[in-house]
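Undergrad: Predicted model follows, preceded by the sequence.
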Amino acid sequence: MSASYVPAGASVPSDAPEPCLGVVMPCFNEAATIKVIVDSVLDSPLVRELVIVDDGSTDDTLQTVLGISDPRVRVFAQPINLGKGAALRRGFREVQSPYVIVQDADLEYDPSEYPTVLQPLLDGEADVVYGSRFFSGHAHRVIYYWHSVGNRFLTTTSNMFTNLNLTDMETCYKAFRLEVIRSVEIQEDRFGFEPEITAKIARQGWRIYEVGISYNGRTYAEGKKIGWRDGVRAVYGVLRYSPLWSRVRERIDRAPDRNLPPAHFDDADAELSTVLESLEGAERYADWILALAEPHLGSRVLEIGAGHGEMTQRLVRGHEVTATDLSPRCIEELRARFAGDPRVRVELADAGSIDQGTQYDSAILINVLEHIEDDVSALRDIGARLRPGGRIVIFVPAFEGLYSEFDRRVGHRRRYRRSHLAEVVDRAGLGVVEARYVNSLGAIAWWTFARQLGQVPTQQWSVRLFDRVVPTLRKIESEHPPRFGQSLFCVAERKAH
C-alpha cells in the first residue's frame, strides 16, 4: 500500500520508515496557510493518509483542499461550523491508519516533528503521546504571557483530577494508537476536546508519554481563534470528565438510564395526549414556532406527527397540508377537525410509508424526530418526498443533560445537541440551512421541574404562565440568539444534485 504513495521516479532509502500515520486536520477559515501546512504534512515519510475536515469555512479553505490531487488526502465538509471537537469527532471516524495524530491547519506546529512524537508508539512503549511545548529545548516564539499562564493553570488543574504529570495538556500534538482513539466517545464540540480526551484516556488507564516539540504561536491578527470563553469551557471540561466527578455524578444523577427503552407506544400515546391538551393553551408559543418555520415553507407542506392539529390549523392559512400521524386516536381527531376542508389531507402513516405520488415543497416535524429510533433513515425518507431544494423544518428537545423521567414516559429516545442534529441531517444526505437553540428560559424551567424535582413540566398552569412571557422572550432571542435552550430549531434542505 505504501508504494502507491511514493512519487514516480523518487528514490527510497532502504531504512525509510513505512507510512503508518493518519493525520486528522480540522480547519476553519485557514485559506492563508492551508496549502503550506498540507504540503508540509505530505512531505513526512510517515504519513499514510491526511483526513481534512472543513468546519464550515466561509473563505476559500474548502475550495483549496478540494483541489489537492494527492491520493492520500480525503476531505470532509461539516454542514455548518460546529467547532474543533466536532470536526475531530468526524475525522477520527474516517481515519484508518494504525497511528493517528491531530494537526491544526495553521503553522504553529511543525510536521517535521512527527518522528519524535510517534517514536514511543512505534517502540511499543506508549498508547498515547503528547507533544509538549514546555518540555523541550526547542525554539519558541515569544508571545502572549497570559496564554502561557492559562495553559499551565489548565494543565495543573487537569493533572490534579487525572493524577497525571503532564506539562502541556492543551497541546495540539496528541498521537494515539487507532484503537485507543476509537475507544473514546468525544462529546465536546469546541476546544473542550483537550481536557475531555485527557480525562478519558487517563480513566481508561492507557500508557501516556510526553515528548518535547517546538512551537511557533501566532497572534490574533494572524488568525488565532481560541479565547477566554474557551478557557472557561476547558475548566468545566476538566471537572466534568474527571474520574472523581464521574463517581459523584453516578450518586447524584436522578435522571433515568437513557439506555432503557422508552415507554410502550400505548402508554406514551396516552401521556402525549395529556401533554398535547395542556399545550393547546400555549398559543403564543405555537405562533413563535410557526414564525421561525414560515420562511422555509412552500405551498405544499407535509406535516409529520400532526397530533391534535394545533400546528396544522396554523399551516392551512397559507398552505396545502398533508397531516400524518401514527396514532389512530390523533388521526380521528384530525379528520374530525378538518372534515370538509380541501386544504388538508389526513393520513395514518410514518416517514417511510407516506404516499410517494406527491412531491412536497417542504416538510415540518414539531417534537417528532426524538421519538423515532432511526432518525437518519426517517429524514432520508422525508427528503426523498421533497422536490430538489425542498426544506424540512425540524423542532426537537435539546440537551442530553435535560433528559428526565418525563422524557422517557412520553417516548423521547433522545434530546439533541446542535452538533448532534447537524450530523444526523448530514448523514441523511441533506444540507443544513440553519440550526439554533430556542427558549432558554424553558431550559432552566425544565431542568428545575423535570430533571431535579421530577415534576411534570407541562402542567396547564405552568404552560399558561410561560405563554405570557413568550412575546418578551421571543424578542430577546431574536436580537441575541441563545447558546442553549429547551428546544433546537433546524432547517434541512434536499440538495439540488
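TA: Received, thanks.
Undergrad: any idea which element Glu125 lies in?
TA: Using DSSP states H and E, Glu125 sits in no helix or strand.
Undergrad: can you offset everything so residue one is 601?
TA: That works, and once the first residue is 601, the last one we named lands at Glu725.
Undergrad: list the contacts for it?
TA: If a contact means CB atoms under 8 Å, 6 or more residues apart in numbering, then Glu725 has 807, 809 as its contacts. Backbone N, C-alpha and C define where each C-beta goes, glycine included.
Undergrad: Can you read off the backbone torsions of it?
TA: Per-residue torsions, Glu725: phi -90, psi -20 (degrees, to the nearest 10).
Undergrad: Then Asp887?
TA: phi -60, psi -40.
Undergrad: pLDDT wise, what is it at?
TA: If you check Asp887, the pLDDT there is 95.
Undergrad: Surely Asn763 is in contact with Ala802?
TA: Yes. With contact defined as CB atoms under 8 Å, Asn763 counts as touching Ala802 (7.2 Å).
Undergrad: More neighbours: which of these two?
TA: Of the pair Asn763 and Ala802, Ala802 is the one with more neighbours under other CB atoms under 10 Å, namely 21 against 10.
Undergrad: Find the nearest non-adjacent residue to Ser1087, please.
TA: Spatial nearest neighbour of Ser1087, chain neighbours left out: Val1038 (4.7 Å); criterion: CB to CB, 6 or more residues apart in numbering.
Undergrad: count of neighbours near that neighbour?
TA: By the criterion of other CB under 10 Å, Val1038 has 22 neighbours.
Undergrad: quick one: it and Arg1013, what's the gap?
TA: 20 Å (CB to CB, to the nearest Å).
Undergrad: ok, now how distant is the residue nearest to Ser1087 from Asp1026?
TA: Taking CB to CB, one finds Val1038 at 21 Å from Asp1026.
Undergrad: now the one helix or strand Ala775 maps to: mean pLDDT?
TA: Ala775 belongs to strand 774-777 when assigned by DSSP H and E. Mean pLDDT, strand 774-777: 97.
Undergrad: Show me the strands paired with it, marking each as parallel or antiparallel.
TA: If you go by DSSP bridges, strand 774-777 pairs up with strand 699-702 (antiparallel), strand 728-732 (antiparallel).
Undergrad: Please enumerate residues in contact with it?
TA: 621, 698-702, 717-718, 721, 727-731, 797.
Undergrad: can you pull the contacts of the closest residue to Val695 other than its chain neighbours?
TA: Distances taken as CB to CB, 6+ apart place Gly622 nearest to Val695, at 4.0 Å, with adjacent residues excluded. Neighbouring residues of Gly622 by CB under 8 Å, 6+ apart: 648-651, 695-697, 699-701, 778.
Undergrad: Could you list the low-confidence segments of the stretch 651-800 of the chain?
TA: 736-747 (pLDDT under 70).
Undergrad: mind listing the helices for it?
TA: Secondary structure of the stretch 651-800 of the chain (DSSP state H, counting those that start in this stretch): helices located at 661-666, 684-694, 714-722, 745-762, 778-782, 793-803.
Undergrad: Need the residues that contact stretch 633-648.
TA: 601-602, 605, 616-617, 619-623, 625, 627, 630, 650, 652, 661, 664-665, 668, 670, 672-673, 697, 703-707, 710-712, 714-715, 718, 823.
Undergrad: what about burial for these, which qualify?
TA: Buried members of the contacts of stretch 633-648, counted by 16 or more other CB atoms under 10 Å: 619-623, 625, 627, 630, 650, 652, 661, 664-665, 668, 672-673, 697, 703-707, 710-711, 714, 718, 823.
Undergrad: Of those residues, which belong to strands?
TA: 621-623, 625, 627, 650, 652, 673 (DSSP state E).
Undergrad: Out of these, the closest to Leu1065 would be?
TA: Cys627 (46.6 Å; CB to CB).
Undergrad: and the closest one, how far is that from Leu778?
TA: Cys627 sits 22 Å away from Leu778, going by CB to CB.
Undergrad: and if you look at Thr658?
TA: 32 Å.
Undergrad: Could you check which of these two has the larger neighbour count?
TA: Higher neighbour count among Thr658 and Leu778: Leu778, with 16 against 10, using other CB under 10 Å.
Undergrad: Thought Val700 was touching that one, still the case?
TA: Yes. Using CB under 8 Å, Leu778 makes contact with Val700 at a distance of 5.7 Å.
Undergrad: Name the next helix or strand following the helix or strand encompassing Ala936 along the chain.
TA: With elements taken from DSSP H and E, the one containing Ala936 is helix 928-937. Next along the chain after helix 928-937, taking DSSP H and E as the criterion, comes strand 944-948.
Undergrad: the longest strand in this structure is where?
TA: When the chain is parsed with DSSP E, its longest strand is strand 986-997.
Undergrad: any idea of the mean pLDDT for that one?
TA: pLDDT averaged over strand 986-997 gives 96.
Undergrad: Tell me the helix or strand right after it.
TA: Assignment by DSSP H and E places the next element after strand 986-997 at helix 1005-1009.
Undergrad: Does anything pack onto that following helix? Which helices or strands?
TA: Applying 3 or more CB pairs under 8 Å, 6 or more residues apart in numbering; DSSP states H and E, one finds that helix 1005-1009 contacts helix 865-879.
Undergrad: Farthest-apart pair in the ones in strands among the buried ones among the contacts of stretch 633-648, please.
TA: So, those by CB to CB: farthest apart are Leu621 and Cys627, at 18.3 Å.
Undergrad: And for Leu682, nearest residue in space, chain neighbours not counted?
TA: Leu682's closest residue in space is Ser1019 (CB to CB, 6+ apart), at 4.5 Å.
Undergrad: and the host helix or strand of that neighbour, how far from the chain's centre?
TA: Element membership of Ser1019, judged by DSSP H and E, is helix 1018-1027. Here helix 1018-1027 is found 6 Å from its chain centre; the criterion is CA atoms, centre = their mean, to the nearest Å.
Undergrad: State the next helix or strand along the chain beyond it.
TA: Counting by DSSP H and E, the next helix or strand C-terminal to helix 1018-1027 is strand 1030-1038.
Undergrad: Run through the neighbouring helices and strands of that following strand.
TA: If you count contacts as 3+ CB pairs under 8 Å, 6+ apart, strand 1030-1038 packs onto helix 975-984, strand 986-997, helix 1018-1027, strand 1087-1094.
Undergrad: okay, the angle between the third one and strand 1087-1094?
TA: This means helix 1018-1027. Helix 1018-1027 and strand 1087-1094 meet at an angle of 20 degrees, taking axes from the mean of the first three to the mean of the last three CA atoms, to 10 degrees as the criterion.
Undergrad: ditto for the longest one
TA: Following the same axes, to 10 degrees, one obtains 170 degrees for the angle between strand 986-997 and strand 1087-1094.
Undergrad: and the angle from strand 986-997 to helix 975-984?
TA: Interaxial angle, strand 986-997 versus helix 975-984 (the same axes, to 10 degrees): 140 degrees.
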